[in-house]
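Undergrad: Below are the sequence and a predicted model; questions follow.
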Amino acid sequence: MTEICLTRNATSLLRDVEHAYAVGEKVAGLKPVFSQGAIDPFRVFRSHRVIANDIVEGEDVVWRAQLDLLLGALSALHIGGLQAEGAEIWRDPEGEFVWELLCHPAVIAYYERHYPSAPPLLLRAAGDRRLPDPNRSQWQAELEQEGFDAAYRPRLLDDFYVFDTHIDEFSRVLEQPARLEGWLTRPDRWQLLEGMASFYEFALDLDQYLAALEFPMLRGHVWLHFAYWFGNGGARMEEVALWLQNAVAHAAADESIDGAELGEALARLRAPQRYPLVLIEQTAEVLGPWLESSGVGEQLSAGSRSL
């Protein structure tokens, strides 16, 4: 099979990103789901929350993880401007499968309703030339501005790991707050606590990065890239976000973490009124399904009513 390369004609920075995220490997790993009639993508990419005690196992776990990682990689490439010149990459043979995957009804349901994530909606809108002109113009202006690459690189060049575990895998732990309470009493809880501390340190770093960033579109894109982990992925992730804020005391036992500072950072990272508001306002129509299913639209409406 020909190796996928979406960034052949892009900047060296984006080529580095594609390599760091191993996009070709993720695409190759997903081929069996969409290229063999014996496998049902709707079963693989179902919501495991619909039926009580539904457990995702076997190859489905691998395929879902590959999809999560691929969507994250495409988000990082989009933020760096891969589609800014009209998204011709999706018309090339190497990008055609990725585009068809992104637009497959089972995959759309996965990121629009089951596990709400905004970046794929922006990816599709850019590919279909549906991004609003003000958004596209401001995004392009930032991409061409001196200092953009240096601002982008620290947060998007490398994917995020917690205690040697990818954030997508760590989320499988975070999505079960009731079990976490039990795990925290176990003798081997220190590994989990170290993982939590690593996640909290990442949150503080991300909050400081976004607060100092002078590129509004980049700031909004980066916030959307990580929004799911801070409570903006539907009711279950909202529960996780609240649990994380309540569990700050466990991690704050590590003297390197200030509990009050961390709690404030987590609250800021969850609030759509702060870092991503300009981008969300410009692309509200495109982001409509995510605004509804993630709960962010309700948060924004509640914020407006309180003014």
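TA: Arrived safely, thanks for sending. Everything numeric in this text was worked out from a predicted model, so none of it was measured.
Undergrad: what residue ranges in the stretch 1-150 of the chain score low on pLDDT?
TA: 1-3, 84-87 (pLDDT under 70).
Undergrad: ok, residue 64 touching residue 57?
TA: No - using C-beta atoms under 8 Å, residue 64 is not in contact with residue 57; the gap is 10.6 Å. Quick note: C-beta positions are derived from backbone N, CA and C, even for glycine.
Undergrad: the more surrounded of these two?
TA: Neighbour count, other C-beta atoms under 10 Å: between residue 64 and residue 57, residue 64 has more, with 21 against 8.
Undergrad: Would you tell me what helix or strand the more buried one is located in?
TA: Element membership of residue 64 [criterion: DSSP states H and E] is helix 59-79.
Undergrad: so what does that helix touch, helix or strand wise?
TA: Secondary-structure packing of helix 59-79 (3 or more C-beta pairs under 8 Å, 6 or more residues apart in numbering; DSSP states H and E): helix 12-21, helix 23-35, helix 41-44, helix 93-102, helix 119-127, helix 148-156, helix 167-174, helix 216-226.
Undergrad: Can you name every helix or strand that the lengthiest helix in the chain contacts?
TA: In the chain, with assignment by DSSP state H, the single longest helix is helix 189-212. If you count contacts as 3+ C-beta pairs under 8 Å, 6+ apart, helix 189-212 packs onto helix 148-156, strand 161-162, helix 167-174, helix 177-183, helix 216-226, helix 235-246, helix 248-252, helix 259-270.
Undergrad: Mind doing that once more with 6 Å?
TA: strand 161-162, helix 248-252, helix 259-270 (3 or more C-beta pairs under 6 Å, 6 or more residues apart in numbering; DSSP states H and E).
Undergrad: Buried residues of it, list them for me.
TA: Residues of helix 189-212 classed as buried under the neighbour-count rule (16 or more other C-beta atoms under 10 Å) are 192-193, 195-204, 206-207, 210.
Undergrad: and which of the residues you listed is nearest residue 154?
TA: residue 206 (10.3 Å; C-beta to C-beta).
Undergrad: Tell me the pLDDT of that closest one.
TA: Per-residue confidence for residue 206 comes out at a pLDDT of 92.
Undergrad: Look up how far residue 40 lies from it.
TA: 37 Å (C-beta to C-beta, to the nearest Å).
Undergrad: ok, and the closest non-adjacent residue to residue 231?
TA: With sequence-adjacent residues excluded and distances taken as C-beta to C-beta, 6 or more residues apart in numbering, residue 231 is closest to residue 241, at 2.7 Å.
Undergrad: Then residue 109?
TA: Ranked by C-beta to C-beta, 6+ apart and with sequence neighbours excluded, the top spatial neighbour of residue 109 is residue 45, at 7.2 Å.
Undergrad: Now the phi/psi pair for that neighbour, please.
TA: Backbone torsions for residue 45, taken as degrees, to the nearest 10, come to phi -100, psi 40.
Undergrad: Just to check, it is in contact with residue 104?
TA: No - Residue 45 is beyond contact range of residue 104, at 8.6 Å (criterion: C-beta atoms under 6 Å).
Undergrad: Those two: which has the busier surroundings?
TA: Ranked by neighbour count (other C-beta under 10 Å), residue 45 and residue 104 place residue 45 first, with 23 against 16.
Undergrad: center of this protein, which residue is that?
TA: Central residue of the chain (C-alpha atoms, centre = their mean): residue 225, 3.9 Å from the mean position.
Undergrad: Is it in contact with residue 75, as I believe?
TA: Yes - shown here, residue 225 and residue 75 form a contact pair, counting by C-beta under 6 Å, at 5.1 Å.
Undergrad: intersection of neighbour lists for the two?
TA: residue 119 (C-beta atoms under 6 Å, 6 or more residues apart in numbering).
Undergrad: tell me the contacts of residue 106?
TA: Here residue 106 is in contact with 41-42, 45 (C-beta under 6 Å, 6+ apart).
Undergrad: between those residues, which is closest to residue 97?
TA: residue 41 (13.4 Å).
Undergrad: Kindly tell me how buried that closest one is, as a neighbour count.
TA: Counted with other C-beta under 10 Å, residue 41 comes out at 19.
Undergrad: Excluding covalently adjacent residues, which one is nearest to it?
TA: Nearest non-adjacent residue to residue 41, counting by C-beta to C-beta, 6+ apart: residue 106, 3.8 Å away.
Undergrad: Fine by me, thanks again.
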